[in-house]
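Colleague: below are the sequence and a predicted model for it; my questions follow.
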Amino acid sequence: MIIQTELTHFIELFQLPFMQRALIGGILTGIMGGILGSFTILRQLSFFSDALGHSALLGISIGYLLGLNPSLVLLPFVVILALFVSYLLERTRLWTDALLNIISSSSMAIAIITLSFVGQYKGGLDNLLFGDILAIQEMDLVLSGLLLSVSIVYIGLTLRTQMLLTVDESLAIARGVSVSTHRMVFIVLLSLVVGISIKGIGVLLVSAFVVIPACAAQLLSRTFTNYVMISVGLGVLSAVFGMVISAWFNLPSGPSIVATQLVIFLTAMVLPRLHSLAH
């Protein structure tokens, strides 16, 4: 009887509009994270996405400071920041991880200082750091849908070029591929995916949201195409199951999704070994 009551309550919960928006938002961002994340880890840009996520808090604080919707300020901010960081990486002799560490740490420090001076900010720092997918609005879904469409079209039309750039950049240059242009477009798309995922996942966890499904997919796939498809599937699966766990046990959504991704990753590590032992 208790189980039936809980199940009825759970079903009723997902009939609420804000839960439906959260579920759709999780699926859309899971697909985007899976597509771009598969290329991100192979191009060793995982720390780049981590730095973007941490630095995005500064964009949010600027939005609060100007009295604007932080989501509208965040997207152009992360794009400009990504292009600026890319420029610095090409023009300076500093180690990549050192430069990204400076940018992410200093951005977060300035952001927290800024938030302390914003009168309308009520201290919901946990929602910014760890996400609140239940706060997703219809406009966020529209932006996610548009960004997903652009990402699919771009990756689909340039798939062979993207594979070549990922596997052998020098060969791509020799074949006349405009490496700088493709790198810039990919970085812009990655920054937008990070920016739009922050509301649901949070600035501290968004990099894991992009990276973990792709890492799990790499353990389970043998071809590049399967790798990308599995990455997308695991991104969606973790978003949906994370949402279900969050709703069922009344847990924070962002950490629940990332924890689900961790379980999937650990399972992906164990499965090949179990298969080899069985044979």
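Modeller: Perfect, thanks for sending it. Because the structure is predicted, anything quoted here is derived from the model rather than measured.
Colleague: before we move on, which element is residue 270 in?
Modeller: Per DSSP states H and E: residue 270 is located in helix 253-278.
Colleague: how about residue 217?
Modeller: Using DSSP H and E, residue 217 falls in helix 206-220.
Colleague: number of residues surrounding the closest residue to residue 200 other than its chain neighbours?
Modeller: With sequence-adjacent residues excluded and distances taken as C-beta to C-beta, 6 or more residues apart in numbering, residue 200 is closest to residue 133, at 3.5 Å. Heads up, the C-betas are built off the backbone N, CA and C, glycines and all. Counted with other C-beta atoms under 10 Å, residues neighbouring residue 133 total 28.
Colleague: just the residues contacting stretch 132-149, thanks.
Modeller: Here stretch 132-149 makes contact (C-beta atoms under 8 Å, 6 or more residues apart in numbering) with 18-19, 21-22, 24-26, 28-29, 31-32, 71, 75, 127, 189, 192-193, 196, 199-202, 243, 246, 252-254, 257.
Colleague: separation between residue 48 and residue 40?
Modeller: Noted for residue 48: a distance of 8 Å to residue 40, by C-beta to C-beta, to the nearest Å.
Colleague: list residues touching both of these two?
Modeller: residue 190.
Colleague: can you list the weak-confidence ranges in the stretch 1-150 of the chain?
Modeller: 1-7, 9-10, 119-126 (pLDDT under 70).
Colleague: and residue 250, how many neighbours?
Modeller: Count around residue 250 with other C-beta under 10 Å applied: 6.
Colleague: actually residue 32, not the one I wrote
Modeller: Neighbours around residue 32, by other C-beta under 10 Å: 27.
Colleague: rewinding a little: filter the contacts of stretch 132-149 down to the buried ones, ChimeraX style.
Modeller: ChimeraX command restricting those to the buried ones, with burial defined by 16 or more other C-beta atoms under 10 Å:
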select :19,21,22,24,25,26,28,29,31,32,71,75,127,189,192,193,196,199,200,201,202,243,246,252,253,254,257
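Colleague: from the contacts of stretch 132-149, which land in strands?
Modeller: The members of those all map outside strands under DSSP state E.
Colleague: tell me which of the contacts of stretch 132-149 fall in helices.
Modeller: Taking DSSP state H, the ones among the contacts of stretch 132-149 that sit in helices are 18-19, 21-22, 24-26, 28-29, 31-32, 71, 75, 127, 189, 192-193, 196, 199-201, 243, 246, 253-254, 257.
Colleague: centroid residue for this structure?
Modeller: Centroid check for the chain by C-alpha atoms, centre = their mean gives residue 210 as the closest residue, at 4.0 Å.
Colleague: that residue is in contact with residue 49, isn't it?
Modeller: Yes: with contact defined as C-beta atoms under 8 Å, residue 210 counts as touching residue 49 (5.2 Å).
Colleague: got any residues that touch both of these two?
Modeller: In contact with both residue 210 and residue 49: 40, 190, 194, using C-beta under 8 Å, 6+ apart.
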